[in-house]
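In: here are the coordinates; sequence isn't available:
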């Protein structure tokens, strides 16, 4: 396997806010998404969100690569923000204090490519 020295071949030329300029001419737009919890939407809300995604992705330029990355982090709940004065508030505070949960982050990358190899039919949907 060949190794690439990143000091000689810098894949990223510049980063400006949420835009990455790659050495090969590609432009990558990066966004963090806040999506609803799974199964928390009604059927109508899900259909509306699906329609919005469909229209947004349909309007992208030909040859655009879309990459979605989901990251799940194990966290412990910090109950210091909860009120802690009445009996029920104290019980809720103690119940959730230090309890584990999973935090979800979603990142969307839109790659406007100059590389014709990515327009190969096996990569195009």
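Out: Everything's here; your move. Quick caveat, the model's predicted, so the values are computed rather than measured.

In: where does the chain have low pLDDT?
Out: 115-125 (pLDDT under 70).

In: tell me which residue lies farthest from the centre of it.
Out: residue 87 (39.8 Å; C-alpha atoms, centre = their mean).

In: quick one: that residue and residue 93, what's the gap?
Out: 11 Å (C-beta to C-beta, to the nearest Å). C-beta: built from backbone N, CA, C; applies to glycine.

In: so which residues of this protein form strands?
Out: 12-16, 19-22, 27-33, 64-76, 100-112 (DSSP state E).

In: quick one: the first one to strand 27-33, angle?
Out: On the basis of axes from the mean of the first three to the mean of the last three C-alpha atoms, to 10 degrees, strand 12-16 is oriented at 50 degrees to strand 27-33.

In: strand 12-16 pairs with which strands?
Out: strand 19-22 (antiparallel) (DSSP bridges).

In: repeat for the fourth one
Out: When sheet partners are counted by DSSP bridges, strand 64-76 sits next to strand 100-112 (antiparallel).

In: which other helices and strands does the longest helix belonging to the chain contact?
Out: With DSSP state H setting the assignment, residue counts place helix 43-58 as the longest helix in the chain. Taking 3 or more C-beta pairs under 8 Å, 6 or more residues apart in numbering; DSSP states H and E as contact, there are no helices or strands that helix 43-58 lies on.
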